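A.B. asks: Here is my input; please provide its structure:
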Amino acid sequence: MDSQNHAHKRFPERLAFMLNNRIRRFLQPPDELISKLNVRPSDVVVDFGCGPGFFTIPLAKIAAKTIAVDVSPRMLERAASYAKKNGVTAQFLTSSGTEIKVEDHSVEMVFLNHVFHEIEERATVLGEFLRIMRPSGRLAIVERTRGSRLFGGKLGPPIIDQTKVTREIERAGFAFAETIPHGSDSIIIGQKPS
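C.D. replies: Here you go, the predicted model:
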């Protein structure tokens with residue numbers, strides 16, 4: 001990835017409040033991004049690297065089932081609390097992605113928002129996504145691909161080369177479907193072959 005100093009560096013739990021708050025919801029309404037994903041009411045969606053649930057709750061309002069996965073139990077506690085406060089249900093699983101306790105071929109979409117660059121064992125994790133996905137299931141990876149980072153590069157996700165992400169998901173067995181622009185981010189869509 002481009003910013004080597006950010007590759008595999010996990011977002012600190014102590015800053016979880018920055019990931020889900022009224023200001024972020026105003027500046028970056030999660031529904032705007034989710035509306036570009038074509039989530040259907042019958043879909044089972046995995047919000048991988050869900051953090052405190054910024055996208056989990058809006059996804060749970062649309063999809064038949066939402067599974068929130070994060071490596072941090074504290075982030076999952078925050079997400080579960082946020083879901084309860086918003087009157088939605090979701091399943092919460094602790095995992096780094098190398099082993100996700102979800103049945104084979106049971107998921108329509110795996111969604112990652114500014115998480116792909118943090119994954120250490122990408123080939124293994126992408127293989128696990130393929131395992132849990134139904135044929136023609138979609139992988140939606142959101143990463144910053146242009147624009148500047150805030151405060152001289154100290155804040156915000158790193159800028160990622162989307163062609164490298166595309167090559168990586170293709171090597172893992174996904175077919176590249178499309179890239180959807182979203183502000184300074186790109187939504188890179190991969191599809192599991194049917």
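
A.B. asks: CA atoms for contacts and neighbours, from now on please.
C.D. replies: Will do.

A.B. asks: residues in contact with the spatially most central residue of the chain?
C.D. replies: By CA atoms, centre = their mean, the mean C-alpha position of the chain lies nearest to Leu112, the distance being 1.3 Å. In this structure, Leu112 makes contact with Asp47, Phe48, Gly49, Cys50, Ala140, Ile141, Val142, judged by CA atoms under 8 Å, 6 or more residues apart in numbering.

A.B. asks: for the fourth one, what are its contacts?
C.D. replies: Contacts for Cys50 were tallied using CA under 8 Å, 6+ apart; they are Thr56, Ala68, Val69, Asp70, Met75, Leu76, Ala79, Leu112, Asn113.

A.B. asks: Specify the beta-bridge partners of Ile67.
C.D. replies: Ile67 has the following beta-bridge partners by DSSP bridges: Val46, Gln91.

A.B. asks: pretty sure it is in contact with Thr94, am I right?
C.D. replies: No. The pair formed by Ile67 and Thr94 falls short of the contact definition of CA atoms under 8 Å, at 10.5 Å.

A.B. asks: neighbour count winner among those two?
C.D. replies: Just comparing Ile67 and Thr94: by other CA atoms under 10 Å the higher neighbour count belongs to Ile67, 22 against 18.

A.B. asks: follow-up on the earlier one: which residues does the residue nearest to the centre of the chain form a beta bridge with?
C.D. replies: Residues found in beta-bridge contact with Leu112 (criterion: DSSP bridges) are Phe48, Ile141.

A.B. asks: re the thing from before, name the nearest of the contacts of Leu112 relative to Ala177.
C.D. replies: Distances from these to Ala177 were compared by CA to CA; the smallest belongs to Ala140, at 10.0 Å.

A.B. asks: neighbours around the closest one, how many?
C.D. replies: 22.

A.B. asks: repeat for Asp185
C.D. replies: By other CA under 10 Å, the residues close to Asp185 number 21.

A.B. asks: do the same with Gly183
C.D. replies: Gly183 has 12 neighbouring residues, counting by other CA under 10 Å.

A.B. asks: Now it. Its backbone dihedrals?
C.D. replies: Torsion angles at Gly183 (phi, psi; degrees, to the nearest 10) stand at phi 60, psi -130.

A.B. asks: Check Pro41 too.
C.D. replies: The phi/psi pair for Pro41 (degrees, to the nearest 10) reads phi -60, psi -20.

A.B. asks: Would you check how far apart the closest residue to it other than its chain neighbours and Ser35 are?
C.D. replies: On the basis of CA to CA, 6 or more residues apart in numbering, the spatially nearest residue to Pro41 that is not a chain neighbour turns out to be Ala63, at 4.6 Å. As for Ala63, its distance to Ser35 is 12 Å (criterion: CA to CA, to the nearest Å).

A.B. asks: neighbour-wise, which of the two wins?
C.D. replies: For Ala63 against Ser35, the residue with the higher neighbour count under other CA under 10 Å is Ala63, and the figures read 17 against 12.
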